[in-house]
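A.B. asks: 3D, please:
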Amino acid sequence: MLTEFIKVAVVSDLPGGGMLAVSAGDEEIMVARIGDDYYALDGWCSHEAGLLGDGHLHEATCEVECPLHEGFFNLKTGAATAPPADMPVAVYAVRIEGNDIMVGPKQ
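C.D. replies: Numbering: from 1, shown residues only. Here you go, the predicted model:
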């Protein structure tokens, strides 16, 4: 469990409209960027444990689509927004320090 912010990437690693799968301690996390906004979710789909970082980012709706069964999750809240996913995923705090993308405790 993350108890403090740790560096997971640098800004240049994540262009607008991009996603990254990162490890933070013992946690797998998906980080996404839409414009100047950064989001971090649990890296595993709550439906069948697909890697969300391998999914598809839907910028217009601020959602990520799981690559396995096309479940959708809201990047801001972690809520499952399309079946077959029906359970939320955890949302992590994100902040930018200089050029570093920092991920912190679950919100």
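A.B. asks: element containing the nearest residue to T3 once chain neighbours are set aside, please.
C.D. replies: Leaving aside its sequence neighbours, T3 sits nearest to P105 (Cβ to Cβ, 6 or more residues apart in numbering; 6.1 Å). C-betas here are computed from N, CA, C, even on glycine. Secondary structure assignment for P105, by DSSP states H and E: strand 100-106.
A.B. asks: got the contact list for that strand?
C.D. replies: 1-11, 13-14, 22, 24, 29, 31, 38, 40, 90-96 (Cβ atoms under 8 Å, 6 or more residues apart in numbering).
A.B. asks: if I look at G25, how far off is E65?
C.D. replies: Note on G25: its distance to E65, by Cβ to Cβ, to the nearest Å, is 26 Å.
A.B. asks: among these two, which residue is more densely surrounded?
C.D. replies: E65 (21 against 11; other Cβ atoms under 10 Å).
A.B. asks: pretty sure that one contacts G71?
C.D. replies: Yes: look at E65 against G71 with Cβ atoms under 8 Å: they come within range, at 7.3 Å.
A.B. asks: between these two, what contacts are shared?
C.D. replies: Common neighbours of E65 and G71 (Cβ under 8 Å, 6+ apart) are A82.
A.B. asks: measure V89 to Q107 for me?
C.D. replies: 12 Å.
A.B. asks: and those two? Which one has more around it.
C.D. replies: Shown here are V89 and Q107; by other Cβ under 10 Å, V89 has more neighbours (24 against 12).
A.B. asks: any idea how far A85 is from M30?
C.D. replies: From M30 over to A85 (counting by Cβ to Cβ), the distance is 14 Å.
A.B. asks: same thing with G16?
C.D. replies: In terms of Cβ to Cβ, G16 sits 25 Å off from A85.
A.B. asks: between these two, who's got more neighbours?
C.D. replies: A85 (23 against 11).
A.B. asks: can you check the pLDDT for that one?
C.D. replies: Confidence at A85, expressed as pLDDT, is 94.
A.B. asks: C45 is in contact with that one, correct?
C.D. replies: Yes: contact criterion Cβ under 8 Å: A85 and C45 qualify, at 6.3 Å.
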